[in-house]
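In: Next come a sequence and a model predicted from it.
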Amino acid sequence: MTRPSSSRLGLASAAAAILTLAGGWIGFDVLHQDSPDPTTNSSTCPLASLPREAQDTVNKVHSGGPFPHPDNDGVRFGNYEGHLPKQAKNYYREYTVSTPGVNHRGARRIVTGGDPATAPQHWYYTDNHYESFCEIPDANH
């Protein structure tokens, strides 16, 4: 039995790293089976799996507020990054999810989709300021 040379192992490792990076760059997660849908950059996250503050924000949306940042909460979310499904211009609204220990809005948000005057049809959560989202399947309680 012959063993591969260290240069071949190094080449194989480098090729695997390049494929992983290239896949991530174009939106494929080659390391995880339960990766988000690359067309929406979202996965699902049940409400109970999110921080308590996200659950509080969902409750505030359902009750119509009050919101901690009234100039920013309930306003149109443009989806400029294109991480959520394409919709009409005023389809999405964003709401701040408080972050303990942070004295500004932080990076956490709930984004709703649909008619904000009635129960929104879609709910999304981000904890990294719109870089990625998970869809909250059970927020319409």
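Out: Structure received. Numbering: from 1, shown residues only.
In: Domain parsing of the protein, as residue ranges.
Out: Using automatic domain parsing, the domain ranges for the chain come out as 1-35, 37-135.
In: If you average pLDDT over each of those domains, which is lowest?
Out: Among these, domain 1-35 carries the lowest mean pLDDT, a mean of 45.
In: Could you report the neighbour count for Asp56?
Out: A total of 14 residues lie near Asp56 under the criterion other Cβ atoms under 10 Å. The way it works is simple: take the backbone N, C-alpha and C, and place the C-beta from them, glycine included.
In: give me every residue that touches it.
Out: When contacts are counted by Cβ atoms under 8 Å, 6 or more residues apart in numbering, Asp56 touches Val97, Ser98.
In: Tell me which helix or strand it sits in.
Out: helix 52-63 (DSSP states H and E).
In: Helix or strand next in line after that helix, which one?
Out: Helix 52-63 is succeeded, C-terminally, by strand 75-76 (DSSP H and E).
In: and the helix or strand following that following strand, which strands flank it?
Out: Scanning forward in sequence from strand 75-76 by DSSP H and E, the next helix or strand is strand 92-96. Strand 92-96 pairs in its sheet with strand 75-76 (antiparallel), strand 109-113 (antiparallel), by DSSP bridges.
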